[in-house]
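> Provided below for reference: sequence and predicted model.
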Amino acid sequence: MSGAARGARGQLAEEAAARRLEALGYQIVTRNYRCRRGEIDLVARHGTCIVFVEVKARREGIPASLQAVDARKRRRMVRAALEYLTERRLVGVNVRFDVAAVELDESGLPVAVQVLQDAFMEGE
C-alpha cells in the first residue's frame, strides 16, 4: 500500500473515531498534535479529563487495532502528552489515555469504532 493510500485510510479512520468520540460526549480539542517527543492523534475533553487518544485502524478487526498500541507507542504518547500539557500550562488536570480501535472493511473504509477508556496509564 502506498504512503498516500495509507494516509488517506488513516484520515478516514481518524474522522470515524472523532465522530464516535463526539457521540460519546467527548469534545475534540486538537487533531494530529506533533512535537519532538511524539504525536497524538486526538486530544479531547471528556468531563473533567483531558484525554489523549491513539487511533489505530486494522482490517483484522478491533482486537488487532488494540494490540497495535505497544509499549513503545505508549511511552512516546505519554512523552508527547506531557509536552502538550507543558506547552499549554495545564497543571493539575485529570489526564487519561484512550485508544480508538477502528475496524476497516476490505476497501479500507471504517466499519466499526470501539473506544477503550483508560487503555493505559503513564509509566506503563
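Thanks, I have the structure now. Numbering: from 1, shown residues only.

> pLDDT of the strand or helix carrying Met77, averaged?
Secondary structure assignment for Met77, by DSSP states H and E: helix 71-87. Helix 71-87 carries an average pLDDT of 95.

> scan the helices and strands of the protein for the one with the lowest mean pLDDT.
helix 62-67 (a mean of 76; mean pLDDT, DSSP states H and E).

> got any ranges where this structure has weak pLDDT?
Applying pLDDT under 70 to the chain flags residues 1-7, 123-124.

> who touches the residue nearest in space to the middle of it in this structure?
Among the residues of the chain, Glu54 comes closest to the average C-alpha position under C-alpha atoms, centre = their mean, at 1.9 Å. With contact set as C-beta atoms under 8 Å, 6 or more residues apart in numbering, Glu54 has these partners: Ile40, Asp41, Val69, Lys73, Met77, Phe97, Asp98, Val99, Ala100, Ala119. Using the backbone N, CA and C atoms, a C-beta is placed for each residue, glycine as well.
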